[in-house]
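A.B. asks: Need coordinates for the below:
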Amino acid sequence: MTSTTTPRHTTNIALSFALALAAFMTAQTAHACMPPPVDRQYSGDFGFAPPGLYVATTQEEWEALWTLSGLQDDMPGFSEGDQTAVGIFLGPRNTSGFNIEVRGLNWTDEDGVAQLDYVVYEPEGMAAQVLTTPFAIAILNRTAPSIVDEAGNVIDTPPILLKTNDES
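C.D. replies: Numbering: from 1, shown residues only. The predicted model follows:
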């Protein structure tokens, strides 16, 4: 008579694999339900704002920030109260090829203070020798009562509201 029992170590491996797969699927489902920190990002070489970091939390501020970009694209939608827009303007540079990546907001404490997380990549190799004013604007899927820079300074600079031709 032959035995048809499965060895214990095979059963344990199968059970471990099933549990690991279930944990992975649960994590993926939870991650899929959370919006990415950066909804959209736009950049260019010729922004119109003075160097600095800018935060827009209202529709009016968002429109002013988009105007400062100088981009000719249609202004993207913005959800006041659910999103925050940030602008990073580097000021004059002697070459092209700068790239700014906005990664999102990192919460620094329980009071809702968040640090803006971004990286500026300098040109590598040969780059055109031309005066540029690189910038990036990102729409974040989060809001925070206070946003700070890497030194801990509160970024409370709303975009400059430009006068239109019909205003006196």
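A.B. asks: contacts and neighbour counts: CA atoms only from here.
C.D. replies: Noted.
A.B. asks: Tell me which residues are up against whichever strand or helix holds residue 39.
C.D. replies: Mapping residue 39 onto the secondary structure by DSSP states H and E places it in strand 38-44. Counting by Cα atoms under 8 Å, 6 or more residues apart in numbering, strand 38-44 makes contact with 69, 71, 99-100, 102-104, 134-141, all of which sit outside it.
A.B. asks: Buried ones in it, by neighbour count?
C.D. replies: If you call a residue buried by 16 or more other Cα atoms under 10 Å, then strand 38-44 has these buried ones: 38, 41-44.
A.B. asks: Least confident secondary structure element in this protein?
C.D. replies: Among the secondary structure pieces of the chain, namely its helices and strands, helix 8-33 has the lowest mean (mean pLDDT, DSSP states H and E), a mean of 44.
A.B. asks: returning to what we had before: export the buried residues of strand 38-44 as TSV, with columns for pLDDT and distance to residue 123.
C.D. replies: As requested, the buried residues of strand 38-44 are arranged in TSV below (pLDDT from 0 to 100; distance: Cα to Cα, whole Å):
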residue	pLDDT	distance to residue 123
38	87	23
41	93	19
42	94	18
43	93	15
44	92	14
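A.B. asks: from those residues, which is closest to residue 53?
C.D. replies: Minimum distance to residue 53 across the buried residues of strand 38-44 is 13.9 Å, recorded for residue 43 (Cα to Cα).
A.B. asks: and the closest one, how far is that from residue 150?
C.D. replies: Going from residue 43 to residue 150 by Cα to Cα, to the nearest Å gives 21 Å.
A.B. asks: what stretches of the chain score poorly on pLDDT?
C.D. replies: Counting by pLDDT under 70, the chain contains low-confidence residues at 1-36, 108-112, 145, 156-168.
A.B. asks: for it, what spans make up the strands?
C.D. replies: 38-44, 52-56, 84-89, 99-107, 113-121, 135-140, 146-148 (DSSP state E).
A.B. asks: tell me the most buried of the ones you listed?
C.D. replies: Across the strands of the chain, averaging neighbours per residue (mean count of other Cα atoms under 10 Å) puts strand 84-89 on top, at a mean of 26.
A.B. asks: Return that one as PDB; C-alpha atoms alone will do.
C.D. replies: The C-alpha coordinates for strand 84-89 follow below in PDB (Å, rounded to 0.1, in the frame of the first residue of the first chain):
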ATOM      1  CA  THR A  84      -2.400  72.600  -3.800                       C
ATOM      2  CA  ALA A  85      -0.300  74.000  -6.700                       C
ATOM      3  CA  VAL A  86       3.300  74.800  -6.200                       C
ATOM      4  CA  GLY A  87       5.600  76.700  -8.500                       C
ATOM      5  CA  ILE A  88       9.400  76.500  -8.300                       C
ATOM      6  CA  PHE A  89      11.100  79.300 -10.300                       C
END
